[in-house]
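1. Sequence first, predicted model second:
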There are 2 protein chains.
Amino acid sequence: MSDIASTPAPMEGHGGYNRSSSVQAAGSSPTLPLFEQAAAAVPLSSSSEAIVIADYGSSEGHNSLAPLTAAISILRGRIGPERAISVVHTDLPGNDFCALFRTLDSNPGSYLRGDAAIFPSAVGRSFYQQILPSSSVSLGWTSWSVQWLSRLPGPIPDQVQVAYSRDAATRAAYAQQAAEDWRNFLTSRGAELRPGGRLVVLTMALRDDGDFGYRAAVETLYEALLDLVGDGMISSEEMGRMAIPTVARSRADLMAPFSENARFAGLSVGHLDIFEGEDRIWEDFQRDRDAHKFGARWAAFSRASVFPTLAEALDGGLDDRQARTFMDKLEAANAARLAEKPEPMVIPLASMVLVKEGC
Amino acid sequence: MSDIASTPAPMEGHGGYNRSSSVQAAGSSPTLPLFEQAAAAVPLSSSSEAIVIADYGSSEGHNSLAPLTAAISILRGRIGPERAISVVHTDLPGNDFCALFRTLDSNPGSYLRGDAAIFPSAVGRSFYQQILPSSSVSLGWTSWSVQWLSRLPGPIPDQVQVAYSRDAATRAAYAQQAAEDWRNFLTSRGAELRPGGRLVVLTMALRDDGDFGYRAAVETLYEALLDLVGDGMISSEEMGRMAIPTVARSRADLMAPFSENARFAGLSVGHLDIFEGEDRIWEDFQRDRDAHKFGARWAAFSRASVFPTLAEALDGGLDDRQARTFMDKLEAANAARLAEKPEPMVIPLASMVLVKEGC
């Protein structure tokens, strides 16, 4: 069992993340044109070597298909059908790479369809270090991933999501880890990108007014956990260890490494936008008025993205049979509470384009 | 559930293959010097691009560490410590890539230890097609993998291992599939290797007298399956569907694609040897006279390498709870029978070095 103090749990495997990631997919749409522009602008060598696209924090691959297919289409227009394109999907070692490869093989939207010169691979290592050869990557994409810290800075006394904690020391510890991880991420990508290479980032952000968003989902989750303690399903010690190692970064946080000099790790900022992701669950609710479905979809989102991390804090860990029951009960409780009073959710996001110097 | 008629099951996951593959490891030792010689002889470009080593059919990686570490050491002597080396491990999509990446991260024998310029990745696609860019691979290694057919040619009426079947039509169907797969494998590797690149192959073989070997293990397995039918644990229909899609190739089989011309798919044969693998289980038994351990080790070998394939033929498939019980009972029955009369096992192997033309 991994140690929650040092290693965040992966997304829920066995296709769970592929199935319940429509919130993340919605945020991709407005960022996709940035990736297409990057594919059009990136310098390409005239040699025959493979062009490398990296998908950092791919999870099971589902949400990467549309942006990758779009970028590949633009590259193909520039280089023709023969030249090899290598697509590297990276995630933590515990990621469900079987689901990733099966998605690539069988999903109708897979970029492998109709193109015999694309070669996918996977890297199961943390992206807070260099994991691809220096100057090898032409295009990078990372969506809903750099919000995950490399380690949990510590427990959160009054919440499971630090953004809603009122504990100043805890907030400071998380902010410090977030700043360090962001610098490590940029340093590693700066090494991996080729001269002129581009990296497009989509991540959770703080709105310029400081709002983290997801208020109903986060509050409901915390209340549901308190109820599980009350019911004796989990102990208060277990709940005390539960904390989600994600952070939303402000515009200032994202720009901090670039403050002294316009460049950091050989990278400059070509674009930065803080925007609100489309709330598809609320939009669907406004059409169908199905409160049950509304609650179920947000609960499934929470389950797929953060329940495994919470379950690692159980005495028996994530692999225990108890963990499954815990996640089932927690999902049901969240779904029921959210269905009582459907409301729109604020989904603050940042999109960013980083350009490697030289050419 | 995958269809046994078209897709062989992967090795047993969750570290099972890593733990019970000492037979395969023993065969590697005499082949390792060939891989070292290939690493010393292969032409290396003077550019700074990463040198690519491919490990075809890596399973969970354990048995690849020693040969890869040895080859990397020789390459480092030629190129120095800075230049990037990319190691690509390939296997079927259902392979346990988590175990692979954890092995690379934490095994004391991992080639990642003390070398920051090595970049591992994985490809979860069948190697009976081109899965890496053309002319990208300098060194290839494949051990105990090309004996697995791309598909099951059909049921075996009187055995689960075709080598011990007396049915001529079945033997012919397997031989035809084996010939086709071998040509596809060579064609794909021929495309992937760089000019002058080398591929070292270790695989199950037929001795020059035609012996497949493993007689006690195969006979015991078949008898144990018949007993499970007799006990009502499995039905005769289920047993009828059970067949192991592995083949041992003779010297003539391995050379067949090269018979018309000394070259096939741009490859020439630099070395071919049929030899007998060291029987470590028997050697240990001669020392410790522990018949129980003797039976348990061969049964664990059978379980890790072929039980999941057999379990796919169960009505509920491999993922059924029944499959686990079936494998447990089959392993126990094999262990008990083999312990009754320990004997040495013939382990015929072929080692081969293929050299890509040009330079």
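-> Yes, it's here.
2. in stretch A:210-221, what counts as buried?
-> Neighbour-count burial for stretch A:210-221, counted by 16 or more other CB atoms under 10 Å in any protein chain shown, picks out A:212-214, A:216-218, A:220-221. C-beta coordinates here come from the backbone N, C-alpha and C atoms, glycine included.
3. Now intersect those with the helices, please.
-> A:216-218, A:220-221 (DSSP state H).
4. Remind me what the longest strand seen in chain A packs against, helices and strands.
-> Of all the elements of type strand in chain A, the one with the most residues (DSSP state E) is strand A:193-204. Other elements packing on strand A:193-204 under the criterion 3 or more CB pairs under 8 Å, 6 or more residues apart in numbering or on different chains; DSSP states H and E are helix A:22-41, strand A:137-143, strand A:267-276, strand A:348-356.
5. Can you give the strand pairings for that strand, parallel or anti for each?
-> strand A:137-143 (parallel), strand A:348-356 (antiparallel) (DSSP bridges).
6. Make TSV out of those strands and add mean pLDDT and mean neighbour count.
-> Formatted as TSV, those follow (pLDDT from 0 to 100; neighbours: other CB atoms under 10 Å in any protein chain shown):
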stretch	mean pLDDT	mean neighbour count
strand A:137-143	97	26
strand A:348-356	98	24
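7. Counting by contacts, list what the one helix or strand residue A:238 maps to packs against.
-> Assigned by DSSP states H and E, residue A:238 belongs to helix A:236-241. For helix A:236-241, the packing partners by 3+ CB pairs under 8 Å, 6+ apart come out as helix A:215-230.
8. Can you give the contact residues for the helix it packs on?
-> Contacts with helix A:215-230, where a contact means CB atoms under 8 Å, 6 or more residues apart in numbering or on different chains, come from A:159-161, A:163-164, A:212, A:234-236, A:239, A:242, A:298, A:301-302, A:306, A:310, A:326, A:329-330, A:333-334, A:337-338, A:341, A:343, A:345-346.
9. how far is stretch A:185-202 from where the chain is centred?
-> Centre-to-centre, stretch A:185-202 and its host chain are 17 Å apart (CA atoms, centre = their mean, to the nearest Å).
10. same thing with stretch A:42-51?
-> Here stretch A:42-51 is found 29 Å from its chain centre; the criterion is CA atoms, centre = their mean.
11. That stretch and chain B, any residue contact?
-> Yes. Using CB under 8 Å from any CB of the partner chain, stretch A:42-51 comes into contact with chain B via A:48-50.
12. ok so, going back, may I see the buried residues of stretch A:210-221 organised as JSON lines, with pLDDT added?
-> Converted to JSON lines, the buried residues of stretch A:210-221 look like this (pLDDT from 0 to 100):
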{"residue": "A:212", "pLDDT": "97"}
{"residue": "A:213", "pLDDT": "97"}
{"residue": "A:214", "pLDDT": "95"}
{"residue": "A:216", "pLDDT": "96"}
{"residue": "A:217", "pLDDT": "96"}
{"residue": "A:218", "pLDDT": "96"}
{"residue": "A:220", "pLDDT": "97"}
{"residue": "A:221", "pLDDT": "97"}
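13. Widest-spaced pair of those?
-> A:212 and A:220 (14.7 Å; CB to CB).
14. what mean pLDDT does stretch A:240-253 have?
-> Mean pLDDT, stretch A:240-253: 97.
15. Hmm, I typed the wrong one, I wanted stretch A:261-277.
-> The average of the pLDDT scores along stretch A:261-277 is 96.
16. buried set for that stretch?
-> For stretch A:261-277, a neighbour-count test (16+ other CB under 10 Å) marks A:264-267, A:269-272, A:274-277 as buried.
17. repeat for stretch A:324-342
-> In stretch A:324-342, counting by 16+ other CB under 10 Å, buried: A:326-327, A:329-331, A:333-335, A:337-339, A:342.
18. Looking at those, which is nearest residue B:195?
-> residue A:327 (53.3 Å).
19. isn't that closest one right up against residue A:303?
-> Yes. Between residue A:327 and residue A:303 there is a contact at 6.1 Å, judged by CB atoms under 8 Å.
20. where does chain A come near chain B, residue by residue?
-> So chain A meets chain B at A:48-50, A:84, A:86, A:88, A:93-98, A:100-102, A:105, A:116-117, A:119-125, A:130-136 (CB under 8 Å from any CB).
21. now, which of those residues lie within strands?
-> A:86, A:88, A:119-124.
22. out of the residues you listed, who's nearest chain B?
-> residue A:124 (3.2 Å; CB to the nearest CB).
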